[in-house]
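Visitor: what shape does this take:
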Amino acid sequence: MIKKRQIIILSIVIIVIASLTIYIEWDMKPQNLNMDSGRTSPFEVYFHSNLRILMDGKPMIVPSQIGIDYNLWNDHSLDKFGFPGMPMDEEGKTTMPGMAPIYTTNDKGRITVGSIVERDYTLGEFLRIWNGLDTKDKLVNATVNGNVVTNYTNIKLEDGQQIKLYLQTKK
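Guide: Okay, the predicted model is just below:
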């Protein structure tokens, strides 16, 4: 049985993660930063790509919190490029987890790249972080901005691009 204290700590963690996500998404977007604002982004690279997945012709939801929620953060090989965790109390006993450099904050297919180093990221790296797309026994076709791409895992993520994956079960 979950103790009351564990519920409170979990609630605080969720609130802090949500607050940080909102702060990054709304307050620290590059268009909100200017030379006179006195604020700087913690990210060297920050932009959004859009991913739409069709499985046997039916839309598939790309979950919110990939690369933030540990249940949706399966590959940690890129963690050193993401937003680091931080203490949530004065004693340092509770730490807010960080974020991967490639993550989602909604279930609309918007992928955010927020990296503390200048570096290219690929769709394959995002899919490894998520590990929620089963491509076994499936034919996978992809387009970027309407143009056919032969290797979907090598798609370099870029600002504003529209990526579509078409998965078809092999018969």
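Visitor: which helices and strands sit right next to the helix or strand where residue 49 lies?
Guide: Following DSSP states H and E, one finds residue 49 within strand 45-55. Other helices and strands packing on strand 45-55, by 3 or more C-beta pairs under 8 Å, 6 or more residues apart in numbering; DSSP states H and E, are strand 58-60, strand 110-115, strand 162-169. Just so you know, the C-beta spots here come from the backbone N, C-alpha and C atoms, and that holds for glycine as well.
Visitor: so which bits of it are buried?
Guide: For strand 45-55, burial by neighbour count (16 or more other C-beta atoms under 10 Å) applies to 45, 46, 47, 48, 49, 51, 53.
Visitor: swap in stretch 161-169?
Guide: For stretch 161-169, by 16+ other C-beta under 10 Å, it's 161, 163, 164, 165, 166, 167.
Visitor: now the longest helix seen in the chain against strand 110-115, angle please.
Guide: Of all segments of type helix in the chain, defined using DSSP state H, the longest is helix 4-22. Helix 4-22 and strand 110-115 meet at an angle of 90 degrees, taking axes from the mean of the first three to the mean of the last three C-alpha atoms, to 10 degrees as the criterion.
Visitor: now do stretch 11-21, average pLDDT.
Guide: Per-residue pLDDT over stretch 11-21 has a mean of 73.
Visitor: sorry, that was for stretch 104-115
Guide: Here the average pLDDT along stretch 104-115 is 94.
Visitor: contacts for that stretch next, please.
Guide: Outside of stretch 104-115, the residues within contact range by C-beta atoms under 8 Å, 6 or more residues apart in numbering are 21, 24-25, 43-53, 61-68, 81-83, 99, 101-103, 121, 126, 157.
Visitor: any idea what the residue most central in space within the chain is bridged to?
Guide: Taking C-alpha atoms, centre = their mean, the centroid of the chain lies closest to residue 103, which sits 0.7 Å from it. Per DSSP bridges, the residues bridged to residue 103 are residue 112.
Visitor: what sits up against stretch 129-136?
Guide: 53, 60, 62-63, 66-67, 72-75, 78, 100, 102-103, 127, 165, 167.
Visitor: what are the C-alpha coordinates of that stretch, in PDB please?
Guide: What follows is stretch 129-136 as a C-alpha-only set of coordinates in PDB (Å, rounded to 0.1, in the frame of the first residue of the first chain):
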ATOM      1  CA  ILE A 129      14.300   6.700 -26.300                       C
ATOM      2  CA  TRP A 130      10.600   5.800 -26.600                       C
ATOM      3  CA  ASN A 131      10.900   2.100 -27.500                       C
ATOM      4  CA  GLY A 132       7.200   2.100 -28.000                       C
ATOM      5  CA  LEU A 133       7.000   1.600 -31.700                       C
ATOM      6  CA  ASP A 134       7.000  -2.100 -32.700                       C
ATOM      7  CA  THR A 135       8.300  -2.400 -36.300                       C
ATOM      8  CA  LYS A 136       8.800  -6.200 -36.200                       C
END
